[in-house]
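# sequence unknown, structure follows:
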Ligand code: SF4
């Protein structure tokens, strides 16, 4: 029996560190590394499920090629030949932009991004811009701070008040949840702001239920009250910010009654929260990603940033707006071969235009799609249309471990390695500030199953000039070489726990990466991009019906963990809504929107307010996937799919 070091590759805030126990050639157990300063010995159920996925009976072990008779198993050599042939064909006939690469971050290893290097060396292709996950908030913080940084989680205990805003760490970030519980034991107050009474809300000191998409109204109303009460941090504002007076003038011009009404709260409640926040000194905010999945997503996060900056809770211990922490992409050398300069022929379209682009893009049209680290035919909105558009593309390739909803619609499906079968570098751009090296626990059935070697072999076969023939370890060593500037070697990373300690309080030096070098209440960059220069109040969308909210399930991330679950998906609604419609809790019902319809089991729950249907994403087509209902609208300029601006109705079957 041996024990190896590994870290969770799921697209999660925590990127936990594992101890993986291997008996002979078989992994027998995964557990949290009790000596790891962030993981502290505990992980969630999803982490343990890497093992189920490794040995799943449903796992693909050979490439599949679609023929007239359906899918046929082929060898990796044949898959390489077909892939090379198709890439060369479409590049030769239509140009390389006729090839569209769709990727997300379903598995977070650095080496799993090798396709980007491959397509750069191929001369550039078509990609999508915009995001299914966090894009609006990232854009917002780039306008305000110039970059996206968060505090080390242990700094939370320097706060006097913690606002958990539209986030449910009980389900999505077990280490933040543990820190909140520890904070409460230390008499640090935790307030949860959310439309849904989540498990986190139930455990907090206080729960404030606001209307969905009114977070912007709450942030602006609070800021205005703080300014009117003279509780703004004048010294911080004068020394480290830009554009405060213009933003203040804008706030004072807003109709306070409209802001208050939008939130669904009483003015006194907002006042009390504003005063508590301003006088906490310091207070921290942990916003989630749900609150930017509306058409006002960028402005919502900008308004929350502005609230914190007004109180001077930026760059200080116990402060911050901890949306994410993009620490390592700036430090690592993720393109050590300078592949980007070969990408002379690339183009992009906004993700909200996915179906349109696949159907109508010209000069050249999209002829081939390559999907990696993603399941777009499960996760994109308005799935009925997206599936039709995807199906009509001439040739589709998907890399995956399973026959997902996307694999099913592809022409070539190429199995990839499980994280336990490959070395990699893992870092979080969210909570965990540690970077990890993943040792290989077991050998895969065939070395070509690993994407790193698949693309290297493909490049060799296609004669792509200059493509690096390094082994994976050589490549990873080059990626982490810049860590030497912080005193860490590759060996340190392989053997120990590595983090950049000096960066544990975001913006401590108050040197912001904006054009003015200050925190920007007014951003000329935002204005140049066609947005209002300062955060602008955009009211939530109103339509008839019930708003559909689709957060992550505690036991599944995106679509990765509901394999093998029998039956239909579950949706939750306030019992009042069931009563109105004469429907009993537990019944199977038709849930429909302008985009489509599904059948779900509807369950009455007081945790969900009236006017909302709440169901988790991750259900497959066979269960009833809520993305057949979601609209393909986006936040202000397409940075983020506005999933939560979907309205549905329930009908008895
Ligand atoms: S908390 Fe997140 S990173 Fe940790 S094991 Fe669970 S899914 Fe993986």
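It's in. Since we're looking at a predicted model, the values are computed, not measured. Numbers count the residues shown, from 1 in each chain.

# which residues of the chain lie near the ligand?
Selection of the chain residues close to the ligand by Cβ under 6 Å from any ligand atom yields 8, 10, 12, 14-16, 43-44, 46-47, 174. Just so you know, the C-beta spots here come from the backbone N, C-alpha and C atoms, and that holds for glycine as well.

# name the helix or strand of the chain that has the lowest mean pLDDT.
Ranking every helix and strand in the chain by mean pLDDT, DSSP states H and E puts helix 328-331 at the bottom, with a mean of 92.

# which residues outside it are in contact with it?
147, 427, 429, 435, 482-483, 485-486, 500 (Cβ atoms under 8 Å, 6 or more residues apart in numbering).

# okay, now residue 326: neighbour count?
Using other Cβ atoms under 10 Å, residue 326 has 19 other residues around it.

# now swap in the one 4 residues further on and tell me
Other residues near residue 330 come to 12 when the count uses other Cβ under 10 Å.

# what distance do you get for it to residue 482?
Separation of residue 330 from residue 482 (Cβ to Cβ, to the nearest Å): 9 Å.

# same question for residue 517.
Residue 517 sits 24 Å away from residue 482, going by Cβ to Cβ.

# again with residue 316
In this view, residue 316 and residue 482 are 28 Å apart by Cβ to Cβ.

# ok, the two, which is more surrounded?
It is residue 316, of residue 316 and residue 482, that has more neighbours when counted by other Cβ under 10 Å, with 22 against 15.

# that one touches residue 505, doesn't it?
Yes - with contact defined as Cβ atoms under 8 Å, residue 316 and residue 505 form a contacting pair (7.1 Å).

# ok, longest helix in this structure?
Taking DSSP state H as the criterion, the chain has its longest helix at helix 76-94.

# same for it, what does it pack against?
On a contact count with 3 or more Cβ pairs under 8 Å, 6 or more residues apart in numbering; DSSP states H and E, helix 76-94 meets strand 64-67, strand 99-103, strand 368-372, strand 395-400, strand 412-415, helix 451-462.

# if I pick whichever residue of the stretch 451-600 of the chain sits closest to the ligand, what's in contact with it?
Of all residues in the stretch 451-600 of the chain, residue 557 sits closest to the ligand, at 6.1 Å by Cβ to the nearest ligand atom. Residue 557 makes contacts with 10-12, 46, 618, as judged by Cβ under 8 Å, 6+ apart.

# chain center to stretch 49-61: distance?
Distance of stretch 49-61 from its chain centroid, counting by Cα atoms, centre = their mean, to the nearest Å, is 24 Å.

# in the chain, which residue sits nearest the ligand?
residue 47 (2.4 Å).

# host element of that residue?
Per DSSP states H and E, residue 47 falls inside helix 45-54.

# run the chain-centre distance for that helix.
Relative to its chain's centre, helix 45-54 lies at 20 Å (Cα atoms, centre = their mean).

# run through who's touching it.
Helix 45-54 is contacted by residues 8-10, 12, 16, 18, 27, 29-30, 32, 59, 401-402, 418-421, 442, 554-557, 560-561 when judged by Cβ under 8 Å, 6+ apart.

# for stretch 307-315, same thing?
The contact list for stretch 307-315 (Cβ under 8 Å, 6+ apart) reads 144-145, 219, 222-223, 226-227, 231-233, 235-237, 240-241, 244, 277-278, 281-285, 319-321, 505-510, 519, 521.

# and residue 588, how many residues sit next to it?
For residue 588, the tally of surrounding residues (other Cβ under 10 Å) stands at 14.

# for residue 47, same thing?
Residues near residue 47, counting by other Cβ under 10 Å, number 25.

# likewise residue 531?
The number of residues packed near residue 531 is 20, by other Cβ under 10 Å.

# contact partners for it?
Residue 531 neighbours (Cβ under 8 Å, 6+ apart): 143, 298-299, 636-637.

# report pLDDT for it.
pLDDT, residue 531: 97.

# quick check: it vs residue 539, distance?
Per Cβ to Cβ, residue 531 is found 16 Å from residue 539.

# quick revisit: among the contacts of stretch 307-315, which ones are buried?
Buried residues within the contacts of stretch 307-315, counting neighbours by 16 or more other Cβ atoms under 10 Å: 144-145, 219, 222-223, 226-227, 231-233, 236-237, 240-241, 244, 277-278, 281-285, 319-321, 505-507, 519, 521.

# among the residues you listed, which are in helices?
Judged by DSSP H, the buried ones among the contacts of stretch 307-315 include 144-145, 219, 222-223, 226-227, 236-237, 240, 244, 277-278 as members of helices.

# save the residues you listed as JSON lines, and put in pLDDT too.
Shown next, in JSON lines, are those (pLDDT from 0 to 100):
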{"residue": "144", "pLDDT": "98"}
{"residue": "145", "pLDDT": "98"}
{"residue": "219", "pLDDT": "98"}
{"residue": "222", "pLDDT": "98"}
{"residue": "223", "pLDDT": "98"}
{"residue": "226", "pLDDT": "98"}
{"residue": "227", "pLDDT": "98"}
{"residue": "236", "pLDDT": "98"}
{"residue": "237", "pLDDT": "98"}
{"residue": "240", "pLDDT": "98"}
{"residue": "244", "pLDDT": "98"}
{"residue": "277", "pLDDT": "98"}
{"residue": "278", "pLDDT": "98"}
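
# can you list the domains in the chain?
The record, using automatic domain parsing to delimit domains, assigns the chain the ranges 2-54, 64-129+340-426+434-499, 136-326+512-528, 546-652.

# just the ones you listed: most buried one?
Of all the domains of the chain, domain 136-326+512-528 has the most neighbours on average by mean count of other Cβ atoms under 10 Å, namely a mean of 21.

# sec struct for the residue nearest to the spatial centre of the chain, please.
For the chain, the residue nearest the mean C-alpha position is residue 133 (3.8 Å; Cα atoms, centre = their mean). Assigned by DSSP: H, G, I helix; E, B strand; the rest coil, the conformation of residue 133 is coil.

# contacts only, for it.
11, 104-105, 289, 640.

# and those residues, which is closest to residue 123?
The closest of the contacts of residue 133 to residue 123 turns out to be residue 104 (Cβ to Cβ; 23.3 Å).

# correct me if wrong: the closest one contacts residue 379.
Yes - judged on Cβ under 8 Å, residue 104 makes contact with residue 379 at a distance of 7.5 Å.

# returning to that earlier point: what would the helices and strands packed on helix 76-94 look like in a markdown table with mean pLDDT?
Output for the helices and strands packed on helix 76-94, formatted as a markdown table (pLDDT from 0 to 100):
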| stretch | mean pLDDT |
| --- | --- |
| strand 64-67 | 98 |
| strand 99-103 | 97 |
| strand 368-372 | 98 |
| strand 395-400 | 98 |
| strand 412-415 | 97 |
| helix 451-462 | 97 |
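
# in TSV, list those along with distance to residue 576.
Compiled in TSV, these are given as follows (distance: least, Cβ to Cβ, whole Å):
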stretch	distance to residue 576
strand 64-67	48
strand 99-103	41
strand 368-372	42
strand 395-400	42
strand 412-415	46
helix 451-462	50
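
# my guess is residue 450 contacts residue 444, does it?
Yes - shown here, residue 450 and residue 444 form a contact pair, counting by Cβ under 8 Å, at 6.3 Å.

# shared neighbours, those two?
Joint contacts of residue 450 and residue 444 (Cβ under 8 Å, 6+ apart) are 417, 421-422.

# tell me the one of these nearest residue 396?
Among these, and counting by Cβ to Cβ, the member closest to residue 396 is residue 417, at 21.1 Å.

# could you check how far the closest residue to that closest one other than its chain neighbours is from residue 77?
The spatially closest residue to residue 417, leaving aside those adjacent along the chain, is residue 450, at 4.5 Å (Cβ to Cβ, 6 or more residues apart in numbering). Distance, residue 450 to residue 77, using Cβ to Cβ: 15 Å.

# distance of the nearest residue to residue 168 once chain neighbours are set aside relative to residue 164?
For residue 168, ignoring the flanking residues on the chain, the nearest one in space by Cβ to Cβ, 6+ apart is residue 198 at 4.1 Å. With distances taken as Cβ to Cβ, residue 198 is found 9 Å from residue 164.

# grab the nearest non-local neighbour of residue 40.
residue 34 (6.6 Å).
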